[in-house]
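A.B. asks: my questions are about this predicted structure, shown below with the sequence.
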Amino acid sequence: MSELLATFIFFFAVIDPIGTVPVFIAVTAHFDEAGKRRIAVLATFFSALILLFFVIAGEIILNAINIPLSAFQIAGGIVLFLFALTMIFGEGKPAEEKRYIRDGRETAIFPLAVPSIASPGAMLGAVLMTENNRFSLLEQSQTTMMILAVLGIVLVLLLAASFVHRLIGDSGASIISRVMGLILASVAVNNILAGIKSYFAL
């Protein structure tokens, strides 16, 4: 149970559902309520497809190009750590991703599904947390369920975006994003150390 909770917290940190709310509000400012609901559902759906693709095919692709999982784990940990640093010391997810918004023509694909929900960190995490050599099929299925559970929270928050934003504001979302960044940095360091241990057979 504790492992499932740890996996859930990990993906909650890399996906950052609360930090996505201000981005969603800015993207959908010129849409009516029906349009906002449709965009929320589509963004979550496409994010799920992208992350499930990395769960299923990520390791296969690495094997095809002859990259050991330990090397990818180290590289992924470094990228996750840098990603976490931008969450902690940067402008925060809402402010940074609002820059992608030019006008009302953006769709659920960009910047919502990618890079806001299915972020590079989430894609790397989907591969690292479902390695065939480290995790059984049951554990990989449980990880997939945790990913979908977090995406379910994303959908709920996007559908209730106006209320959530009034409740916490941009500042609140930025603070939460930084806390999630600190958690993610710890997970990233653990991945780097585990990758080094595996690569050098320590």
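C.D. replies: Okay, I see it.

A.B. asks: tell me which residue of the chain is furthest from the middle?
C.D. replies: Residue distances from the centre of the chain (C-alpha atoms, centre = their mean) peak at Leu202, which lies 30.5 Å from the mean C-alpha position.

A.B. asks: now do the helices in the chain.
C.D. replies: For the chain, applying DSSP state H gives helices covering 2-15, 17-27, 33-64, 69-89, 93-98, 120-128, 137-159, 161-199.

A.B. asks: turn these into CSV, columns for distance to Leu112.
C.D. replies: No exception for glycine: its C-beta is placed from N, CA and C like everyone else's. Formatted as CSV, the helices of the chain follow (distance: least, C-beta to C-beta, whole Å):
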stretch, distance to Leu112
helix 2-15, 12
helix 17-27, 6
helix 33-64, 4
helix 69-89, 18
helix 93-98, 9
helix 120-128, 13
helix 137-159, 8
helix 161-199, 11
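
A.B. asks: which one of the ones you listed lies nearest to Val114?
C.D. replies: Minimum separation from Val114 across those (C-beta to C-beta) falls at helix 33-64, 6.7 Å.

A.B. asks: so which elements touch that closest one?
C.D. replies: Applying 3 or more C-beta pairs under 8 Å, 6 or more residues apart in numbering; DSSP states H and E, one finds that helix 33-64 contacts helix 17-27, helix 69-89, helix 120-128, helix 137-159.

A.B. asks: where in the chain is pLDDT low?
C.D. replies: For the chain, the stretches with pLDDT under 70 are 91-107.

A.B. asks: in CSV, list the helices of the chain along with mean neighbour count and distance to Pro111.
C.D. replies: Shown next, in CSV, are the helices of the chain (neighbours: other C-beta atoms under 10 Å; distance: least, C-beta to C-beta, whole Å):
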stretch, mean neighbour count, distance to Pro111
helix 2-15, 18, 14
helix 17-27, 25, 6
helix 33-64, 17, 10
helix 69-89, 19, 15
helix 93-98, 21, 5
helix 120-128, 24, 13
helix 137-159, 18, 13
helix 161-199, 17, 15
